[in-house]
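# the sequence and its predicted three-dimensional model are supplied below.
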Amino acid sequence: MKALTLLVLLFSFSQCGSTKFENKIPFTIHSAHYKNWTGGQPGVHGINVQIQLKEKSNINFDSLYFRNKVAKVEFKNATLIIANYNTSNKKPSDVILHLDPKKEVQNKLPTQETFPFELSENEAVLTYQANGKTTYYKIKEIKKRESKPYIQMQ
């Protein structure tokens, strides 16, 4: 059993270093920026990343890896790729805290996901489908825009 676990760990780490980034992509990025946002409730905040393409595309964009997080992307008007990241530190409301540990058994265990890329603060990796396979493209120099606070409605 230990050998199997070791083999799985070695294979997963070998995949991280072997990811090849595509250099020739079938689309052109006009601009890429991100901005932090703050919600109307205390402790609610996140990051919004927007990638504007120069021309319309019919590519199936999938995910964006940014700042040790991954998000599924929205594709709007065939030219705008959007990824939203929740960076809130609010605790989930479905966690049971009780003096009797038997009542806490139903709590889900936290998962520690490893991030597959080494990226700087202003880099991201966009994944998309090309010829039936997942392709990775590294976007460099994503610009920071002014933060956007959202006002709480009462």
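Great, that's in hand. Numbers count the residues shown, from 1 in each chain.

# what number of residues lie near the closest residue to residue 130 other than its chain neighbours?
Spatial nearest neighbour of residue 130, excluding adjacent residues (Cβ to Cβ, 6 or more residues apart in numbering): residue 26 at 6.9 Å. C-beta: built from backbone N, CA, C; applies to glycine. Neighbour count for residue 26, taken as other Cβ atoms under 10 Å: 11.

# let the chain start at 9 from now.
Right, with 9 as the first residue, what we last looked at is residue 34.

# ok, residue 34 to residue 154 distance?
Remark: distance between residue 34 and residue 154 (Cβ to Cβ, to the nearest Å) = 32 Å.

# next, the buried residues of stretch 144-158.
For stretch 144-158, a neighbour-count test (16 or more other Cβ atoms under 10 Å) marks 144-145, 147, 150 as buried.

# what are the ranges of the strands in the protein?
37-46, 53-61, 68-74, 77-80, 82-84, 88-94, 132-138, 141-147, 151-152, 156-157 (DSSP state E).

# okay, and the beta partners of residue 146?
Following DSSP bridges, residue 146 is listed with bridge partners residue 133.

# so residue 153 touches residue 39, yeah?
No - using Cβ atoms under 8 Å, residue 153 is not in contact with residue 39; the gap is 10.3 Å.

# middle-most residue in this structure, spatially?
residue 78 (1.8 Å; Cα atoms, centre = their mean).

# now do the nearest residue to residue 93 once chain neighbours are set aside against residue 74, distance only.
Leaving aside its chain neighbours, residue 93 sits nearest to residue 55 (4.4 Å; criterion: Cβ to Cβ, 6+ apart). From residue 55 across to residue 74, the span is 7 Å (Cβ to Cβ).

# give me the more crowded residue out of those two.
A direct count of neighbours by other Cβ under 10 Å for residue 55 and residue 74 places residue 74 higher, at 23 against 19.

# now tabulate the strands of the chain in TSV and tack on distance to residue 117 and mean pLDDT.
Formatted as TSV, those follow (distance: least, Cβ to Cβ, whole Å; pLDDT from 0 to 100):
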stretch	distance to residue 117	mean pLDDT
strand 37-46	30	94
strand 53-61	24	95
strand 68-74	24	96
strand 77-80	20	95
strand 82-84	30	96
strand 88-94	20	95
strand 132-138	27	94
strand 141-147	28	95
strand 151-152	35	96
strand 156-157	34	66
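
# alright, I will stop here.
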